[in-house]
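Engineer: Any chance you could fold what I've pasted below:
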Amino acid sequence: MQTAPLIIPRPVPPQRIRPPKKNIPQTKIQRDHVQKAVRQYVAETQFVPPVPMEDLKVHADTLIARLKLDPIYRDYIGVLLNNEVWRETLASIPYERRLLLLPKCLRVESKCPAPFDEFGLLCKQCGLCTIQDLQSEAERLGYAVLVAEGSAIVMSLIQTGKIDAIVGVSCLSVLERAFPYMEAAAVPGIAIPLLQDDCIDTTVDVDWVWDVIHLTSDDKTRRLDLTALRNDVDAWFSPDSLTSIMGPAEGETEVIAREWLGRAGKRWRPFLAVSAYQALREETTAPLPEDLKKIAVAVECFHKASLIHDDIEDNDALRYGEKTLHEEHGTAIALNVGDLLIGEGYRLIGACSASAAQKVEMLMVASEGQRQLCQGQGAELCWTRNPGPLKSAEVLDIFRRKTAPAFEVALRLGAVYANNHEPFRDAIGKYSEALGIAYQIRDDLNDLGAAGETNDIEGIRPSLLLAIASERAKGEAAAQLESWWKRQPLTGVNAARIEALYRELKADDRASTLLETYQEEAIRALRDVENANLKGLLRRVIGKIFNEAEVQGWCSEFEDKNLARLNLSLPILAAKA
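Structural biologist: Down below sits the predicted model:
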């Protein structure tokens, strides 16, 4: 199989698991819920910073009662409250007047080649941990960056009087120790807690850090509620809304098409189209235009048509936990409905009130995306005529051609409708490619085993997990996997055995690492985007889509041994600040 060039993933650290503790919400979804409540509370209360720690604790208790949370979350909510109080102040401070403070425990200690000096870790840019990306991006923006122990450094730098704002990554004990000094100096500070226990090989929510270090008043969308925006988009697919947007259904075929269009789904693609428009339009606070709904529904028409055709081609019986369209109505009707939805997508684009030039551009974008999608699906279908083992790079190439185009079409349509497309063409393309690959990897992981929605093991489709396992297997395991690829399983080889091999060969761990890599690749695609709204909003979209990361505990602090050495460095720190 011929493959196009792929993004080469950089090495990322292995997952470092620690037993979870109970003093913070365990999933990103839960954390986002608490964060939203904190923002609403701060808006209602209208704090004036700095807020003393004792007052923060009182307000945290109020929020705990309001949200009916366990009181053990008080310190965590206190951190969020303080962050939100300082958020707008930090946004107004130039990057070059900010300090990013990272803890050395983010490194992979057993492999890290970086030495220490009086300032802390001297990163060697080896790519083994997140320090490299965070430090490089922050310094590119203009930050001063230190990779060192938390509280002693903060104390010393605050005493110099030359720091206007601090973004700090640390554990709760360090944050609590540093807080009185920042409060007394009225230094704006936003803190991002570490995710794991111990003071070695820890991790952090990179999405959160990235959002904060890029926070700027130039981004007019930074306070946009993405959950509310997505809910608005989802509401456009109710029967009444579809009738309003598309006109009354004419005949049974259109009734079936509308019913399928309104069925369950994540609606990420229309959400992306609306997000791109929202980021690039001139007036970000104005109501969304009615015609934008046509663009969003057109994007979903293309997507739902592709699902109908995919289900027929893959002989799938279920979609969204219900019968697929061809199982419910027969193959002929399903094919016709899919074709109708493609036509509806183009009709809606043509019916919007954009300029003639914009319509031409949008139609070209949609048609090119359709061609790429069919080429990717065609590569998979041609493989099924003579199935055999695929390399992981070949599977990723299928993902790139089959999944990424739909994300790119959505973003480009929104950008073209905002009449601000050309300057960001390359960045949107690279972002969409990485995002699409990451999304498909996540689907592969979610579909793992009999409990998966489409059960790729039973379907024997080109799977990243199967490719990784095959590349790692030897002897009997290699023969068993090869027989599964060829749809000629050896005796005793079934879906349960294949899934067991995934676990034994750690194919799922490797796929998770690649998922993280491509998410980071999408982030890097935005690096040179000069539009703060687009960069900020698309960066937050990644966190919105991939919002299932678990928090596994706080880092315990072992920094006292470094305190004396760091205090001796105060004159040098002052000069550097």
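Engineer: Mind listing what's buried along the host helix or strand of Gln440?
Structural biologist: Gln440 is part of helix 425-446, with elements assigned from DSSP states H and E. Buried positions in helix 425-446, judged by neighbour count with 16 or more other C-beta atoms under 10 Å: 427-428, 430-445. Backbone N, C-alpha and C define where each C-beta goes, glycine included.
Engineer: Show me what that helix is packed up against.
Structural biologist: helix 392-402, helix 404-417, helix 464-472, helix 507-525, helix 532-545 (3 or more C-beta pairs under 8 Å, 6 or more residues apart in numbering; DSSP states H and E).
Engineer: Next, the angle helix 392-402 makes with it.
Structural biologist: 120 degrees (axes from the mean of the first three to the mean of the last three C-alpha atoms, to 10 degrees).
Engineer: Render the CA-only coordinates of stretch 472-486 in CSV, please.
Structural biologist: Output in CSV follows, covering the C-alpha atoms of stretch 472-486 (Å, rounded to 0.1, in the frame of the first residue of the first chain):
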residue,chain,number,x,y,z
ARG,A,472,5.9,-6.2,18.7
ALA,A,473,4.8,-9.9,18.6
LYS,A,474,7.2,-12.8,18.1
GLY,A,475,6.8,-16.6,17.7
GLU,A,476,3.3,-18.0,18.2
ALA,A,477,1.8,-14.6,19.1
ALA,A,478,3.0,-13.2,15.8
ALA,A,479,1.5,-16.1,13.9
GLN,A,480,-1.8,-15.7,15.7
LEU,A,481,-2.0,-12.0,14.9
GLU,A,482,-1.1,-12.5,11.3
SER,A,483,-3.9,-15.1,10.9
TRP,A,484,-6.3,-12.6,12.4
TRP,A,485,-5.2,-9.9,9.9
LYS,A,486,-5.7,-12.4,7.0
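Engineer: and it, how far from the chain's centre?
Structural biologist: Stretch 472-486 has its C-alpha centroid displaced from the chain centroid by 33 Å (C-alpha atoms, centre = their mean, to the nearest Å).
Engineer: can you list contacts of it?
Structural biologist: 387-390, 460, 466, 469-470, 489-490, 493, 497-498, 501, 504-507 (C-beta atoms under 8 Å, 6 or more residues apart in numbering).
Engineer: ok so, going back, now for the helices and strands packed on helix 425-446, which one comes closest to Gly343?
Structural biologist: helix 404-417 (15.8 Å; C-beta to C-beta).
Engineer: per-stretch mean pLDDT over the helices and strands packed on helix 425-446, give me the minimum one.
Structural biologist: Among the helices and strands packed on helix 425-446, helix 532-545 carries the lowest mean pLDDT, a mean of 85.
Engineer: Which other helices and strands does it contact?
Structural biologist: Short answer (3+ C-beta pairs under 8 Å, 6+ apart): helix 532-545 packs on helix 206-213, helix 226-235, helix 268-280, helix 425-446, helix 507-525.
Engineer: Now distance to Lys220 too, for the ones you listed, in CSV please.
Structural biologist: Shown next, in CSV, are the helices and strands packed on helix 532-545 (distance: least, C-beta to C-beta, whole Å):
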stretch, distance to Lys220
helix 206-213, 15
helix 226-235, 14
helix 268-280, 9
helix 425-446, 19
helix 507-525, 21
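Engineer: Please point out the stretch among those with the lowest average pLDDT.
Structural biologist: helix 206-213 has the lowest average pLDDT among those, namely a mean of 84.
Engineer: Tell me which residues of that one come out buried.
Structural biologist: Within helix 206-213, judged by 16+ other C-beta under 10 Å, the buried ones are 206-213.
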